[in-house]
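**Student:** No letters, just coordinates:
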């Protein structure tokens, strides 16, 4: 389906790029018809289907069927005759409508001839680990509000994160844009960067092209060379991000820059692995109790300096730790000040922020994707690994580049059959591996490969991956592989094998696996019919005794399709599975009132169906399983005690944008909650006779199911918002009011010890 909406200013084109019964993907292209560049573009439209996720743009407002979409930040400006493209997924499928009442607005990129009553100040707030944090304040001294602004400036130092505004790297420096600033008001923007903030670092500032003043105030109002913490025996010319130690004690001398002695304190993120303290002479004492990882936060009360140091405790044979021996927990986490500030808040109790893994996406395609964002040249991956090491956390990447600005069966098939696209793909993969080797040559980095790609083939191709054409030869024409490497056929199976081989050859320390899908069944299913509401609902009509074996058989058949595509070849270490990229009540608002009528708001029986699917994956593939992109939302009326409040339990999620319910976190971590009416009947249902489910009046208890997950072959559970409307478990503050992170700390603090996962098959 194709629709074109034209105006004097722009042409807006919509196309449905993939469509199936329950969902679809669409793409919108905006072409600037004007004679000059425009910026701060806004696209409004009415659209009958629900948009569930969006990429290369942001939904700033959503009311019923009306959407207001703005730029992703880096595509804020559209050159004359230029265009921007963004994509989205939605529901239901079988789309027979196009966006209506389309309105495009933007502001002209101004000349630089008119001075503006605005100025910028930058005040440093902290320095640690050869990084600075600062607040950039844009001050409007005029008599009218200032909207649709952009500030450009040169900065000799690398800016690595920003919150409160959007940041893009330009050819000569940086450009930020943000919300309207009232008359006489100001906007504070938090930034982080590399090194100690220098008085002369910021220069050539303009606001909307007009010159503006810029001033720098360093930490404490003093010289920019405020003391930072130096660790003798670890630091060289630069501050170390991580140190490796053996089991037992080790000590390091602390000093401030210039050799001064401070008054230090130390707190750790993972006290199960090590303890840390600083004596009066400035000696940092680490006692490593177990193989694993932790972060240490060192603070000096005399200067206010803070330093983070990651510690990896090697095993008794000197090898670095890999995944913990228990079922690991992880979260999505960008390198923004909000996300990093959240994880940096080490505490000795249930308000701690310990996680084992953090992940982000390397996506957007191999042409203008992740490696061009921010400061370019793959800085997204470099910064993420560095920040993860500093915090004592394992970095994982979701490498998602067979699609680009849109995805679907036809898009993915077109890309893998395009020689130029696939040559760029292999170069892009090699770049990621080179950056991993640069930053983490002997330490674990995880990669989850190409969500949905093989699932689309299983669902639509009606033939095995070995019969589907893909230009695997691009691995050789691109120069990534050569004649000395195995020759893989020009099929999807050959492509998957070539990707696995490339990772194993160039970065053997990488722990990688392919993402699978719950919905990867052809029409009619492999072994059983699949309900319109999905395979996890198979037991709704048939009952547990009849339906659950059918789910296992179908999951096993799905897994065999993936195996025949080559996913287990050349050292792949796991298989992965998600649930859905949006919390249940975001997919279907009525689910909050009547979850029995919903697709994704599952009760305990349906979650046990999910673990049946997972167990079949593990049994069939003989590989461990990583659960990924599990929704963060929990069931409302939680009775879990809130350690962030003086008394009482956690507040309810509002079932609105970024505050949505799901039963995922409740199922895995366990909780007691109250319900009534249709919700009570649904969530108390226990046809599978799970002993961890109990009901007393209107109170329902679900016990934890991470132990059940470990028994099914799961080695890690990674949670996080899949799309922008989802509930978040990270940030300052997270939109779930810290429910998830509190439950995670309770998991780590189990009196009987953390859940041990079973040994993997060999």
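**Tutor:** Good, I have the coordinates. Here the structure is a predicted model, which is why all the values come from computation and not from measurement.
**Student:** Counting neighbours, which bits of whichever strand or helix holds residue 287 end up buried?
**Tutor:** Assigned by DSSP states H and E, residue 287 falls within strand 283-288. In terms of neighbour count (16 or more other CB atoms under 10 Å), strand 283-288 has its buried residues at 284, 286, 288. For glycine as for every other residue, the C-beta is placed from the backbone atoms N, C-alpha and C.
**Student:** repeat for stretch 737-753
**Tutor:** 737-748.
**Student:** For these, work out which two are farthest apart.
**Tutor:** Pairwise distances across those peak at 19.6 Å for 737 and 748 (criterion: CB to CB).
**Student:** count of neighbours near residue 81?
**Tutor:** 11 (other CB atoms under 10 Å).
**Student:** I'd like to know how far the residue lying closest to it once chain neighbours are set aside sits from residue 152.
**Tutor:** Leaving aside its chain neighbours, residue 81 sits nearest to residue 32 (6.4 Å; criterion: CB to CB, 6 or more residues apart in numbering). From residue 32 across to residue 152, the span is 20 Å (CB to CB, to the nearest Å).
**Student:** Same question for residue 489.
**Tutor:** From residue 489 to residue 152 the distance is 50 Å (CB to CB).
**Student:** More neighbours: which of the two?
**Tutor:** Between residue 489 and residue 152, counted using other CB under 10 Å, residue 152 has the larger neighbour count: 20 against 15.
**Student:** Wait, that one touches residue 169, no?
**Tutor:** No: using CB atoms under 8 Å, residue 152 is not in contact with residue 169, being 11.1 Å away.
**Student:** Quickly list what's touching both of the two.
**Tutor:** residue 175 (CB atoms under 8 Å, 6 or more residues apart in numbering).
**Student:** just to revisit the earlier point, same list, the buried residues of strand 283-288, but as CSV with pLDDT and distance to residue 83 please.
**Tutor:** Putting those into CSV (pLDDT from 0 to 100; distance: CB to CB, whole Å) gives the following:
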residue, pLDDT, distance to residue 83
284, 97, 55
286, 98, 55
288, 97, 55
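**Student:** Rounded mean pLDDT for stretch 507-517, please.
**Tutor:** Per-residue pLDDT over stretch 507-517 has a mean of 98.
**Student:** from the chain's centre, how far out does it sit?
**Tutor:** 16 Å (CA atoms, centre = their mean, to the nearest Å).
**Student:** can you list the domains in the chain?
**Tutor:** 2-108, 118-221, 229-313, 332-748 (automatic domain parsing).
**Student:** for the ones you listed, which one ends up most surrounded?
**Tutor:** domain 332-748 (a mean of 20; mean count of other CB atoms under 10 Å).
**Student:** First-to-last residue distance for it?
**Tutor:** End-to-end distance of domain 332-748: 19 Å, with CA to CA, to the nearest Å as the criterion.
**Student:** Kindly report the same for stretch 31-46.
**Tutor:** Start-to-end, stretch 31-46 (CA to CA) is 19 Å.
**Student:** shift numbering so it begins at 572
**Tutor:** All set: I'll call the first residue 572, so the last point we hit is now stretch 602-617.
**Student:** so how far is that stretch from its chain's centroid?
**Tutor:** Per CA atoms, centre = their mean, the centroid offset for stretch 602-617 relative to its chain is 29 Å.
**Student:** How about stretch 1267-1276?
**Tutor:** 31 Å.
**Student:** contacting residues for residue 908?
**Tutor:** 704, 732-734, 761-763, 1303.
**Student:** picking up where we left off before, closest to residue 1076 out of the buried residues of strand 854-859?
**Tutor:** For the buried residues of strand 854-859, the nearest to residue 1076 is residue 859 (33.4 Å; CB to CB).
**Student:** now the strands for the stretch 922-1071 of the chain?
**Tutor:** Secondary structure of the stretch 922-1071 of the chain (DSSP state E, counting those that start in this stretch): strands at 928-934, 965-971, 1016-1020.
**Student:** and those strands as a markdown table, adding distance to residue 641?
**Tutor:** Below are the strands of the stretch 922-1071 of the chain laid out as a markdown table (distance: least, CB to CB, whole Å):
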| stretch | distance to residue 641 |
| --- | --- |
| strand 928-934 | 20 |
| strand 965-971 | 23 |
| strand 1016-1020 | 29 |
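**Student:** Any chance of the ones you listed in JSON lines with mean pLDDT and distance to residue 1094 as columns?
**Tutor:** Shown next, in JSON lines, are the strands of the stretch 922-1071 of the chain (pLDDT from 0 to 100; distance: least, CB to CB, whole Å):
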{"stretch": "strand 928-934", "mean pLDDT": "96", "distance to residue 1094": "29"}
{"stretch": "strand 965-971", "mean pLDDT": "98", "distance to residue 1094": "26"}
{"stretch": "strand 1016-1020", "mean pLDDT": "98", "distance to residue 1094": "26"}
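**Student:** Could you look up the next helix or strand downstream of the one helix or strand in the chain whose mean pLDDT sits lowest?
**Tutor:** Across the helices and strands of the chain, mean pLDDT, DSSP states H and E gives its lowest value to strand 573-577, namely a mean of 48. Heading C-terminal from strand 573-577, the first helix or strand you meet, by DSSP H and E, is strand 581-590.
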